[in-house]
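Participant: Please find the sequence and the predicted model below.
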Amino acid sequence: MNTSNSRHDSAAEEQASLWAARLEGGTLEAADRAALDAWLAAKPAHRALLSDYCQFSADLEQTLPAMVASGAVKMPALAQPSRRRWNVSWLTVAGGTLAAAAAVALGLWIAQPSTQFQPKTYVSSVAERQSFTLDDGTRVELNAQTSLLVEHTRDERRVRLASGEAFFSVAKDPSRPFIVETPTGSVRVTGTVFDVRTDKSSELEVTVVEGSVQVRPADLAGTGPIPPSALTAGHHLTAYSGVVTKVMLPPGGVDDALAWRQGKIVANHFTLRAALARFAQYNGRGITVSPGAENLSVGGVYSLSDLSGFLDIMGQVHPKLRVYNDPSGIIRVSLRTEP
């Protein structure tokens with residue numbers, strides 16, 4: 001588990017280990033999920049901690065059985081034979097203890113249901129990108145502040161993108177479709193390469209690099225079911241406030257749409273609202289844009305880590321633009337003519 005980038009207090013470490021254990025043990029109830037979301041939102045460092053402990057849990061799951069089988073680690077008698085439970089601090093190595101693992105885990109409990117497929121959660125923090133491989137061979141990349149729950153079964157492969165953005169290179173398996181669920185719609189494939197972005201409450205974006213996908217935007221506007229859209233390589237779909245737009249990107253357009261993988265944003269005829277949404281996600285900042293300013297045109301290439309530089313340039317390009325740093329920490333962007 002990598003915590004070299006920052007130091008955390010012991011209470012946060014312990015809480016992260018407990019959440020990781022509960023996520024590994026199964027799907028959280030609605031109240032528990034709300035409590036987890038509140039804890040993650042309390043401090044940006046909490047997301048990094050949870051991600052570290054989830055990864056540590058996954059690594060331990062893979063390596064511990066072999067260590068036990070070889071006799072390098074001894075396990076205690078289990079009180080519940082139907083569930084494999086262990087506490088890292090119990091494990092003893094021939095001639096010593098796993099002191100380092102115990103210190104890192106801080107008493108982490110890993111609860112493994114007696115099933116072949118177990119839910120796993122991956123979380124990226126502010127200004128952090130992650131990449132990993134799922135059990136089926138699918139490669140995933142997460143943009144900053146992204147939460148992904150993986151729930152594979154024998155019949156299907158399902159991931160839940162609660163918020164943020166993820167790039168998928170799906171391993172081909174015609175017998176098990178791969179489904180990405182978001183609060184704003186779903187994407188279904190059997191094997192392809194595509195990107196999904198959601199902001200939880202209103203917008204869904206899908207960009208296809210290879211193969212084909214079927215997108216079902218959610219009826220967030222309450223106007224009735226939205227017909228599914230079939231996308232192939234080069235297609236980009238946006239669903240916002242009940243309006244679905246599908247376009248074929250020009251040459252180089254796919255690379256531009258996925259520039260976040262290099263920590264950049266390539267704004268080709270972006271609205272200011274769309275550009276600020278990406279900066280807000282990456283930097284973990286609350287940003288609001290007024291109705292009069294949200295549709296201002298934005299162009300150029302910018303570093304996602306340089307929000308202040310982007311706002312300075314926008315002020316030069318649009319002299320009537322006003323940027324106000326609210327005492328609460330929220331950045332408010334509007335026109336000077338607006339109240």
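Facilitator: Everything's here; your move.
Participant: Quick one: mean pLDDT for the lengthiest strand in the chain?
Facilitator: As assigned by DSSP state E, the longest strand anywhere in the chain is strand 157-169. Here strand 157-169 scores 95 as its mean pLDDT.
Participant: Name the strands paired with it and say parallel or antiparallel.
Facilitator: Applying DSSP bridges, strand 157-169 is found paired with strand 139-142 (antiparallel), strand 147-152 (antiparallel), strand 178-182 (parallel), strand 193-198 (antiparallel).
Participant: what does the first one contact?
Facilitator: Contact partners of strand 139-142, identified using Cβ atoms under 8 Å, 6 or more residues apart in numbering, comprise 122, 124, 129-134, 148, 164-169, 261. Using the backbone N, CA and C atoms, a C-beta is placed for each residue, glycine as well.
Participant: if we go to 6 Å?
Facilitator: Residues from elsewhere that reach strand 139-142, judged by Cβ atoms under 6 Å, 6 or more residues apart in numbering: Ser124, Gln130, Ser131, Phe132, Thr133, Ala166, Phe167, Phe168, Ser169.
Participant: Check the gap between Pro217 and Gly252 for me.
Facilitator: Taking Cβ to Cβ, to the nearest Å as the measure, Pro217 falls 26 Å from Gly252.
Participant: Look at the two and report which has more neighbours.
Facilitator: With neighbours defined as other Cβ atoms under 10 Å, Pro217 and Gly252 compare such that Pro217 has more, 26 against 10.
Participant: which residues pair with that one across the strands?
Facilitator: With DSSP bridges as the rule, Pro217 is bridged to Gly185.
Participant: pLDDT of whichever strand or helix holds Ala16, averaged?
Facilitator: Assigned by DSSP states H and E, Ala16 belongs to helix 10-25. Averaged over helix 10-25, pLDDT sits at 72.
Participant: residue ranges of the helices in the stretch 151-300 of the chain, please?
Facilitator: Secondary structure of the stretch 151-300 of the chain (DSSP state H, counting those that start in this stretch): helices at 253-257, 272-283.
Participant: and the last one, what does it pack onto?
Facilitator: Read that as helix 272-283. When contacts are defined as 3 or more Cβ pairs under 6 Å, 6 or more residues apart in numbering; DSSP states H and E, helix 272-283 packs onto strand 287-289.
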